[in-house]
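Student: sequence first, predicted model second:
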Amino acid sequence: MVLLNLNLLEAGKITSLEDSPPISLSSVSEVFLTAECRHTRRAKKPIRIHVRASYNGINYDTSDLFSFDNDFKAGGIARKTLKLDKKVPFIKVLIENPEGAQAVSDVKVTATLSGH
């Protein structure tokens, strides 16, 4: 399931909760998030993935349930997959580009959900 798919994320920008569909975790036993993007050769920092929680699928926390930095590869594609602990019924993700001067392209976050 694709959560976010962006052609470009400018330097210093972060997506919003409205950019990500909610993911219901009520009928899954495992959740894996995969983040990937393409860095310019002058890039110096990885993107950061923020996971926000909700107990009703409508109101989401303003602080992260979990966050992680993607792998980093200047001038190439970086990809990282992590297993999340299933702690809440719903999640959404935000993507942050903390890089001060370089945009990232081909940004995608996908969720792999496995049933009980």
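Tutor: Structure's in. What do you need? This one's a predicted model, so the numbers in the text were calculated from it and none came from an experiment.
Student: could you list the low-confidence segments of the chain?
Tutor: The chain contains residues with pLDDT under 70 at 116.
Student: which residue is nearest the middle of it?
Tutor: Geometric centre of the chain, nearest residue: I49, 3.9 Å, by Cα atoms, centre = their mean.
Student: apart from its chain neighbours, what residue comes closest to it?
Tutor: A35 (5.0 Å; Cβ to Cβ, 6 or more residues apart in numbering). Every C-beta, even on glycine, is put in place using the N, C-alpha and C of the backbone.
Student: what about the one you found, distance to I58?
Tutor: As for A35, its distance to I58 is 25 Å (criterion: Cβ to Cβ, to the nearest Å).
Student: tell me which of the two has more neighbours.
Tutor: Using other Cβ atoms under 10 Å as the criterion, A35 and I58 rank with A35 on top: 25 against 8.
Student: please name the nearest non-neighbouring residue to L4.
Tutor: V109 (4.7 Å).
Student: gap between that neighbour and V31?
Tutor: 12 Å.
Student: between the two, which is the more surrounded one?
Tutor: V109 (24 against 19).
Student: which SS class is the more buried one?
Tutor: Under DSSP: H, G, I helix; E, B strand; the rest coil, V109 falls in the strand class.
Student: show the contacting residues for it.
Tutor: Neighbouring residues of V109 by Cβ atoms under 8 Å, 6 or more residues apart in numbering: 2-4, 20, 33-36, 49, 93, 95.
Student: can you check N7 too?
Tutor: N7 is in contact with 105-107, counting by Cβ under 8 Å, 6+ apart.
Student: just the buried ones from those?
Tutor: Among the contacts of N7, those classed as buried by 16 or more other Cβ atoms under 10 Å are V107.
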